[in-house]
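Visitor: this one's sequence-less:
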């Protein structure tokens with residue numbers, strides 16, 4: 001895979017904008033062609049609509065690697081029930097099969113969500129839950145991502161997390177990597193173990209940092225992604 005340009009499809013977290021991938025993209029090598037899937041932020045979408053939205057944007061006829069961050073992990077799992085023939089690798093980032101802290105979702109649904117979103121976007125809670133000691137510009141980028149999505153769309157995504165169905169049986173046996181944030185206050189280590197029950201071939205790698213690890217530690221994230229892709233054997237292209 002290292003001898004050719006590899007398409008990397010990136011599925012974003014809860015905000016759905018893909019903005020938090022921007023620092024990561026700057027550190028990826030030229031051998032990787034990143035394509036960020038941005039979920040519509042103007043209107044609510046069902047879980048199945050998110051799945052269909054991603055399916056429609058996957059490459060046809062050329063090998064690609066799929067990266068799913070946080071909220072998008074369950075969407076990627078659904079795709080792995082009937083994976084495309086040209087999918088050659090999967091990377092999960094700080095994610096889960098079902099959200100491991102349901103009490104946080106219960107609180108999010110009980111409290112007034114407009115006020116909650118504003119509170120969560122403050123520097124204090126943003127750093128505590130998501131970004132730790134990341135640079136100010138990274139915090140500002142995350143806050144921009146949160147505030148650029150309509151409240152109704154964000155509320156629907158929280159509802160999706162609270163009502164996730166059991167994951168389907170996966171039919172994917174290819175290379176798989178889980179990137180775990182060592183100081184993640186939203187997704188504990190046991191979430192990776194549960195994912196590995198469905199994907200026993202999955203390798204796990206820890207990166208020092210908070211939940212939104214690819215924003216807080218873009219160089220380390222890019223290095224881990226690049227090394228994983230370099231390790232994938234050259235697959236045949238499909239027509």
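Guide: Sure, I can see it. Bear in mind that the values here come from a model prediction, so they are computed numbers and not experimental data.

Visitor: Who are the contact partners of the residue nearest the centre of the chain?
Guide: Centroid-nearest residue in the chain: residue 69, 0.9 Å away (criterion: C-alpha atoms, centre = their mean). Contact analysis of residue 69 by C-beta atoms under 8 Å, 6 or more residues apart in numbering lists 10-13, 93-95, 214. In this view, the C-beta of every residue, glycine as well, is placed from N, C-alpha and C.

Visitor: With residue 152 instead?
Guide: So residue 152 contacts 43-44 (C-beta under 8 Å, 6+ apart).

Visitor: any idea how far residue 94 is from residue 78?
Guide: Look at residue 94 and residue 78: by C-beta to C-beta, to the nearest Å, they are 18 Å apart.

Visitor: is it true that residue 204 lies in a helix?
Guide: No: read with DSSP: H, G, I helix; E, B strand; the rest coil, residue 204 is strand and lies in no helix.

Visitor: Quickly list what it is bridged to.
Guide: Counting by DSSP bridges, residue 204 is bridged to residue 178.

Visitor: Next one: it, what pLDDT does it get?
Guide: Note on residue 204: pLDDT of 97.

Visitor: Does it touch residue 180 like I think?
Guide: Yes: with contacts counted by C-beta atoms under 8 Å, residue 204 reaches residue 180, the gap being 6.1 Å.

Visitor: Just list the residues touching the residue lying closest to residue 44 once chain neighbours are set aside, thanks.
Guide: Distance criterion C-beta to C-beta, 6 or more residues apart in numbering; nearest residue to residue 44, sequence neighbours excluded, is residue 156 at 3.5 Å. By C-beta under 8 Å, 6+ apart, the residues touching residue 156 are 44-46.

Visitor: Okay, strands next: where are they in this protein?
Guide: If DSSP state E is used as the criterion, the strands of the chain fall at 6-11, 32-36, 64-69, 87-93, 176-181, 203-207.

Visitor: Residue 95 and residue 68 touch, don't they?
Guide: Yes: between residue 95 and residue 68 there is a contact under C-beta under 8 Å: 6.1 Å.

Visitor: where in the protein is pLDDT low?
Guide: Scanning the chain with the threshold set as pLDDT under 70 gives 1-3, 101-124, 233-239.

Visitor: separation between residue 18 and residue 193?
Guide: In this view, residue 18 and residue 193 are 28 Å apart by C-beta to C-beta.

Visitor: re the thing from before, kindly reformat the contacts of residue 69 as TSV containing distance to residue 37.
Guide: TSV is the format used below for the contacts of residue 69 (distance: C-beta to C-beta, whole Å):
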residue	distance to residue 37
10	7
11	5
12	7
13	12
93	14
94	17
95	15
214	15
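
Visitor: Is it possible to get CSV of these that adds distance to residue 36 and neighbour count?
Guide: Listed next are the contacts of residue 69 as CSV, based on distance: C-beta to C-beta, whole Å; neighbours: other C-beta atoms under 10 Å:
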residue, distance to residue 36, neighbour count
10, 5, 24
11, 8, 29
12, 7, 22
13, 12, 28
93, 13, 28
94, 17, 26
95, 16, 26
214, 11, 29
